[in-house]
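S.K.: Sequence and predicted model, in that order:
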Amino acid sequence: MTVASMFRRMAGAARLEVATYEEVEADKSATGQAVVIAVVSSLAITIGDFHPGDTDILPRFVAGLAGWIVWLFFIWLVGVKMIPEPETRSDLGELIRTTGFGSTPGIFRILGLIPVVGWLIVIAAWLWTLASMVVAVRQALDYKSLGRAILVCVVGFIGQLAVMYLEVWLLRAATT
C-alpha cells in the first residue's frame, strides 16, 4: 500500500465512510499503517493537550497508546465474545486496522495549542474521533446495529478507565 493510499483511507475514515472501514478491515497489509496513525494521533493529542510546566509528556503519550490497546482488548472481549451479532466474525487485527484508521481525527487535537480557541478544537476533534471509533467498531464487528456498537464502545471505555484507575492506584501504593 502506498502513502497516497494511506492518506486516501485516512480521509475516508475521517469522513466516516463505511466503505473505507470495510476496506482497511479486510486489508491485512494495512495493520502497520493503522498502528502508525494511532501513534501519530496519540502524539498529536499529547502535544495538543500540552500546558506550560508539563513534565510528564512521555508518560502521557505512552499511557495514551496503552489506553488504546486496553480499549481494543475490551472491545474484542465484549463485542466478539460476550454480545456478538450472528454475523460477527472479527479478530484483534481487524480491530487494530479499523480503529487505527478511525483515530485519524485525533490528529487535529494538536490544534489545541492555538490560544483561545484551541480547547474548542480539542472538544470537536474528541467528538469526531468518538464517532469514527463507533463506525470502526461497527464495521470490524460486522454489526448491523449502531446502538450495539455504541454500547460496546462505552463498555470498552469503562473497562479502559477501570484498568487505568487500577494502574494509578497500584503506582501510588507502591510509592508510598
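M.R.: Arrived safely. Residues are numbered from 1 along each chain as shown.

S.K.: I'd guessed residue 18 sits against residue 135; true?
M.R.: Yes: the criterion here is C-beta atoms under 8 Å, and residue 18 meets it with residue 135 at 6.7 Å. Any C-beta I mention is one placed from the backbone N, CA and C, and that applies to glycine too.

S.K.: in the protein, which spans are strands?
M.R.: Taking DSSP state E as the criterion, the chain contains no strands.

S.K.: what's the longest helix in it?
M.R.: helix 146-175 (DSSP state H).

S.K.: who are the neighbours of that helix, in terms of helices and strands?
M.R.: helix 57-76, helix 118-140 (3 or more C-beta pairs under 8 Å, 6 or more residues apart in numbering; DSSP states H and E).

S.K.: Quick one: those helices as a markdown table, columns for distance to residue 169 and mean pLDDT too.
M.R.: Listed next are these as a markdown table, based on distance: least, C-beta to C-beta, whole Å; pLDDT from 0 to 100:
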| stretch | distance to residue 169 | mean pLDDT |
| --- | --- | --- |
| helix 57-76 | 14 | 89 |
| helix 118-140 | 25 | 95 |
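
S.K.: where does the protein have low pLDDT?
M.R.: Applying pLDDT under 70 to the chain flags the ranges 1.

S.K.: Report back the residue of it that's furthest from centre.
M.R.: Distance from the centre of the chain peaks at residue 176, with 33.1 Å (C-alpha atoms, centre = their mean).

S.K.: Now for that residue: which residues touch it?
M.R.: Listed by C-beta atoms under 8 Å, 6 or more residues apart in numbering, residue 176 has no contact partners.

S.K.: how far away is it from residue 169?
M.R.: As judged by C-beta to C-beta, to the nearest Å, residue 176 and residue 169 stand 11 Å apart.

S.K.: With residue 103 instead?
M.R.: Residue 103 is 27 Å from residue 169, by C-beta to C-beta.

S.K.: Tell me which of those two has more neighbours.
M.R.: residue 103 (26 against 10; other C-beta atoms under 10 Å).

S.K.: What's the local residue count around residue 77?
M.R.: Residues lying near residue 77 (other C-beta under 10 Å) number 14.

S.K.: buried stuff in the longest helix of the chain?
M.R.: Within helix 146-175, the residues that count as buried by 16 or more other C-beta atoms under 10 Å are 148-153, 155-157, 159-160, 163.

S.K.: what does stretch 73-91 give?
M.R.: Applying 16+ other C-beta under 10 Å to stretch 73-91 flags 73-76, 78-80, 84, 88, 90 as buried.

S.K.: Now render the residues you listed as CSV, adding distance to residue 53.
M.R.: Listed next are these as CSV, based on distance: C-beta to C-beta, whole Å:
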residue, distance to residue 53
73, 33
74, 33
75, 35
76, 38
78, 38
79, 40
80, 43
84, 46
88, 46
90, 43
